[in-house]
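Colleague: Output the structure for:
(4 chains)
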Number of protein chains: 2
Amino acid sequence: MNKQIMRKSSPTSLPSLSVRIDLDPEGRIGPGKILLLENIDSCGSISAAGRAMNMSYKRAWDLVDEINRICQQAAVERQTGGKNGGGAMLTPFGLSLVARYRKIERSAESAARKELQALRADIAVGRKG
Amino acid sequence: MNKQIMRKSSPTSLPSLSVRIDLDPEGRIGPGKILLLENIDSCGSISAAGRAMNMSYKRAWDLVDEINRICQQAAVERQTGGKNGGGAMLTPFGLSLVARYRKIERSAESAARKELQALRADIAVGRKG
DNA sequence: CATCGGTATGTTCGGTCAGACATAGCGAAT
DNA sequence: ATTCGCTATGTCTGACCGAACATACCGATG
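Modeller: Now for the predicted structure:
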């Protein structure tokens, strides 16, 4: 791991875009929550997802709650007890939320690429001078 | 002003996009800093800009410092003392930073509009059911 | 029915951050 | 030289936030 660290100014990656969606003045969804959802999808539980991204179970659980609340419907369905103590999975809505976010992110990044490069050029100018 | 407030679920505005630019793993520029820069540009001073957006002078000043640091060059030029006690204005770089950000924001918003509407539809479905 | 692992929730503690004050410096204008 | 308004900077304090613990519950499974 860490293949691309140690490179102080990775010329292709920065500056990069990060996108948030304001669903509610008090509720936003950004890269962090989406990554959590993806990890829940692939890990099958909130706690495993948390561990996978080095996040405490409580924090992950609270975020899931917040996501469900913001969306006014469940993006994650939890099952308590059972075979392996329970688990969690994305609802169809949750899956589509992730897919839509990633698509929006790609569109935005691609639409902004040129301006982003121009901005990088501006900043590089300042660096030398 | 405030022509479109008082509309609890303004159907055209939410969900909306908000864009941040990661210039540095530790330095991002988003809507707040850009708005501050715009206010500095129109008000002519950091303190007036802060007042205009109900932000303490210290906070505004700290943000300006952070912006200049992140960009590795001045986006805001300050003048201490003088005619009205001094003032601040955007440098050419600062002006172009704001312009580029706004353009990136518009591009992103426009590129994502369709998906955003689809997302709104998804959420509306959850609201009724 | 005891075990197991995850969900569900509350509590406590330490660090961080923003806001409120406080003050000094500066340079033009009077 | 005094005034004025803004820059420049430091300190303090309260609020908020996240990490760490601590339990309780739940349901399949052996």
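
Colleague: CA atoms for contacts and neighbours, from now on please.
Modeller: OK.

Colleague: tell me the pLDDT at the residue nearest in space to the middle of chain A?
Modeller: Among the residues of chain A, the one closest to the centroid is A:Pro31, at 2.6 Å (CA atoms, centre = their mean). Looking at A:Pro31, its pLDDT stands at 95.

Colleague: wouldn't it be in contact with A:Ser18 here?
Modeller: Yes: with contact defined as CA atoms under 8 Å, A:Pro31 reaches A:Ser18; the gap is 7.3 Å.

Colleague: Just want the residue of chain A that's nearest DNA strand C.
Modeller: A:Gly85 (3.0 Å; CA to the nearest atom of the strand).

Colleague: per-residue confidence at A:Gly27?
Modeller: Reported pLDDT for A:Gly27: 89.

Colleague: how many other residues sit next to it?
Modeller: Using other CA atoms under 10 Å in any protein chain shown, A:Gly27 has 14 other residues around it.

Colleague: Show the contacting residues for it.
Modeller: A:Ile70 (CA atoms under 8 Å, 6 or more residues apart in numbering or on different chains).

Colleague: redo that, cut-off 10 Å
Modeller: A:21, A:66-67, A:69-71, B:15 (CA atoms under 10 Å, 6 or more residues apart in numbering or on different chains).

Colleague: Settle this for me: the residue nearest to the centre of chain A is touching A:Glu105, isn't it.
Modeller: Yes: between A:Pro31 and A:Glu105 there is a contact under CA atoms under 10 Å: 9.3 Å.

Colleague: and for those two, which residues touch both?
Modeller: A:18-21.
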